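Trainee: Here you go, sequence then predicted model.
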Amino acid sequence: MRVFTIDLETTVNGGPNGDSPEAHWPNNRVLLWGHKILGKAPCMEKTLKLLKESIEEALHFGHTVVIVGHNLKFDLKYCLRDIPSLPWENFDYYCTMHQDYVISGHEHKFSSLEESCGRWHVPFKKGLDLGALLRSGVKMEDIPDSDLIPYLADDLIGTEALHTAMRNSGKVMDYSNHSLPLADMELTGLLLDRTRTKDRAARLVVEETKYTSRLYALAETVLIHADGTTVLPAAIKLNAPRTISYLLTGQPTAGLTVPKKGKDIIFKVGHGPFLSLNDIRVLFGKAKANHLGYPVPAKKLTEVYNRAATEYAGVVLELRKVSKLLNTYMLPFLAATQTVTTVHPKYHMCSTNTGRLSSANPNGQNMPPDARDCFQAEYEYFHEIDFKQLEIVALAMVSQDPQLIKDLQNGEDVHYNSGRSVMGWRQPSDMTDATRRTVKSVNFGLIFGGTANGLSYSTGIARSTVSALIKSFYKRYPGVEKWQEDFYKEVVNAMRPAGVVNGEQLYDSKVMLHLSKRYFYFREHESPPWLRRKMGRAFSFKPTETKNYPVQGFAGGDIVMGALVELYKRLKSRNLRCKFRCTVHDSIGIDTDLTAGQLAGHMTVVCQQIRTRYNIPFNLEFDIKSGPYWK
């Protein structure tokens, strides 16, 4: 085995604002490459000659190549871009930032090299504050080599020492191999159809104008300035939560005020809020209004519209949907592709409490269908491989409930089996899409720690039905309830002091899920009043977290990322024409000329590898959606 610690310094000239260091911007370049072979002095170079030759030499002598770095994914993007001839898919990867995150149970997120070294008692101190220099207006290319070379050498030495300390600790968890396919995804990006996107943006502008005008017309019928003058469109923020609450409920009671002019806006004589007092009581219950009135998220507005048929709430919902699609997706997509043809979501490996990925700039994991289908295949097909009922799979494995495992082995519908006694189903054909959705929403809610009251509120399903469905699920799968209770006890038994708040001791806890040997970190939160009375303490661990984190972590952090790594190795090592474009929660997006059937053949082998790794006693099922655009 030959271990290469790598780091590099780049220009920061990319993006529409010229402030991005990312490798997908063609005007960014590497100023200094650095690598260190274990036990040897650091090597710095302007070109890639020595690094490339050193890796090729290791391969020639049959060494397993291990690439180590802190925030390794960033460096790998330049490696893939500038040294494409090396078989990167054949190497192993170890990101010390990611390992610090995983070993800490996901407590330490986005740790700098200095922070990680401090926690692991590795001597390290940066001799140059690059961040301060860049903020002062200094360009990376203007920093002299006499400063940059020792700075890079210190980073290499510190990263190698940190890697060694982690390996020697016995706590090492080799979860960083997905650094490579994620780096490739970020570098490759999503290919935008600019013509389609421009057309859609133009239509959305028209719709936004239409809904804005309608909102003003509705507001203008009931509102007036306190001095008797007409309320003009510029006087009120039509989509502001305070305005929406006031028009629906009359809260806040102080009314509205024109910004910077102090002219109060009130209801016209003979007019009032769009909702009746009875509707307000039913819809907002015990919620209390503050200086912004009542909270009016989309879910609440949907309730308002469904109960009271209030046109105003419906128009607000449509305007929000149109504005988000236009201003969060279409316009930023077009801005980002003024000089390139692709949009490049970032995938954060060290950001969530569960071990799953998150995404940003743009959020590639929460795009609505009308945004996704602006991205097209470069080859013949854009395939999205989507694991089926992955949370149920993960729940079966973490709980080891024998009936749930048996149902999955037999290919039975878990939602039908758990819900049939409550819903009166005698055979699967008795289910309608709506009734199955009801059971499914409750089942997923209880998997993630929801209560009957909470799930009734969030789903709109009667509390009695929710309660009956929860009891029915636990009756068929008692091992799930037992695991949830036992894991919570394990968290409590492992708690340790974590400071004092308002004179009371606060605790945190870190527990390993033995199935994957992944740690999970929990911290106490302020308890609701009923639990304070019961426990005699102001703080407690949240069951929603202790039930949720292990299931999501095993599903997304272990199964999906493991499958991504194996599929990437398999396709790339065969030199097949493919580009890995994205990953969304339980799915992987690939651009290729392979047919869905051919890709399914490769994926079946990958699923068997994951089954063997975690001793999963049933098939991992998946669907593949295909077309010229991302569906």
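Mentor: Perfect, I can see it now.
Trainee: Just give me the neighbour total for the closest residue to I143 other than its chain neighbours.
Mentor: Nearest non-adjacent residue to I143, counting by Cβ to Cβ, 6 or more residues apart in numbering: L133, 6.7 Å away. (Each C-beta comes from the backbone N, C-alpha and C, glycine too.) L133 has 15 neighbouring residues, counting by other Cβ atoms under 10 Å.
Trainee: wait, P295 sits on A287?
Mentor: Yes. The criterion here is Cβ atoms under 8 Å, and P295 meets it with A287 at 7.0 Å.
Trainee: Could you pull up the mean pLDDT of the helix or strand hosting the residue nearest to I143?
Mentor: Under the criterion of DSSP states H and E, L133 resides in helix 130-135. Averaged across helix 130-135, pLDDT comes to 84.
Trainee: got the buried residues for that helix?
Mentor: Buried residues in helix 130-135, counted by 16 or more other Cβ atoms under 10 Å: L130.
Trainee: now that helix: how far from the chain's centre is it?
Mentor: Once both centres are worked out by Cα atoms, centre = their mean, to the nearest Å, helix 130-135 turns out to sit 29 Å from its chain's centre.
Trainee: between P295 and A287, which one's more packed in?
Mentor: For P295 versus A287, neighbours defined as other Cβ under 10 Å are more numerous around P295 (14 against 11).
Trainee: I'd guess the more buried one is in a strand, am I close?
Mentor: No. P295 is assigned coil when assessed by DSSP: H, G, I helix; E, B strand; the rest coil, not a strand.
Trainee: Spell out the secondary structure type for D227.
Mentor: Under three-state DSSP, D227 comes out as coil.
Trainee: which ones are touching it?
Mentor: K263 (Cβ atoms under 8 Å, 6 or more residues apart in numbering).
Trainee: go on, K510?
Mentor: Taking Cβ under 8 Å, 6+ apart, one finds 104-105, 107, 494, 519-522 in contact with K510.
Trainee: As CSV, these with pLDDT, distance to G39 and secondary structure would be great.
Mentor: Output for these, formatted as CSV (pLDDT from 0 to 100; distance: Cβ to Cβ, whole Å; DSSP: H, G, I helix; E, B strand; the rest coil):
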residue, pLDDT, distance to G39, secondary structure
S104, 94, 28, coil
G105, 95, 32, coil
E107, 96, 32, coil
A494, 96, 38, coil
Y519, 93, 30, strand
F520, 96, 36, strand
Y521, 97, 34, strand
F522, 97, 40, strand
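Trainee: Nearest to E412 among those?
Mentor: Nearest to E412 among the contacts of K510, counting by Cβ to Cβ, is F520 at 29.7 Å.
Trainee: so how far is V30 from that closest one?
Mentor: Distance, F520 to V30, by Cβ to Cβ, to the nearest Å: 37 Å.
Trainee: what's the answer for L319, then?
Mentor: In terms of Cβ to Cβ, L319 sits 46 Å off from V30.
Trainee: Would you mind giving both backbone torsions of the residue most central in space within the chain?
Mentor: For the chain, the residue nearest the mean C-alpha position is S358 (2.5 Å; Cα atoms, centre = their mean). Per-residue torsions, S358: phi -120, psi 170 (degrees, to the nearest 10).
Trainee: tell me which element R203 is part of?
Mentor: Using DSSP H and E, the element containing R203 is helix 194-222.
Trainee: typo on my end, F4
Mentor: Using DSSP H and E, F4 falls in strand 2-10.
Trainee: who does that strand touch, helix- and strand-wise?
Mentor: strand 30-37, helix 49-60, strand 65-69, helix 72-82, helix 145-168 (3 or more Cβ pairs under 8 Å, 6 or more residues apart in numbering; DSSP states H and E).
Trainee: Nearest to V442, out of these?
Mentor: Nearest to V442 among the helices and strands packed on strand 2-10 is helix 72-82; the distance by Cβ to Cβ comes to 37.9 Å.
Trainee: From the rest of the structure, what touches the closest one?
Mentor: By Cβ under 8 Å, 6+ apart, the list of residues contacting helix 72-82 reads 6-8, 10, 21-24, 30, 48, 67, 69, 86, 88, 93-98, 176, 179-180, 182-184, 186-187, 347, 349.
Trainee: hang on, the earlier thing: F520 and V30: which is more packed in?
Mentor: Counted by other Cβ under 10 Å, F520 and V30 do not tie: F520 has more neighbours, with 24 against 20.
Trainee: Return the helix or strand in the chain with minimum mean pLDDT.
Mentor: strand 256-257 (a mean of 72; mean pLDDT, DSSP states H and E).
Trainee: Next, the contact list for E621, please.
Mentor: 387-389 are the contacts of E621 under Cβ under 8 Å, 6+ apart.
Trainee: next one: G449
Mentor: G449 sits in contact with 484, 542-548, where contact means Cβ under 8 Å, 6+ apart.
Trainee: same question, A371
Mentor: Counting by Cβ under 8 Å, 6+ apart, A371 touches 325, 329-330, 333.
Trainee: Where does the prediction get shaky in this protein?
Mentor: Within the chain, the ranges that satisfy pLDDT under 70 run 172-175, 257-262.
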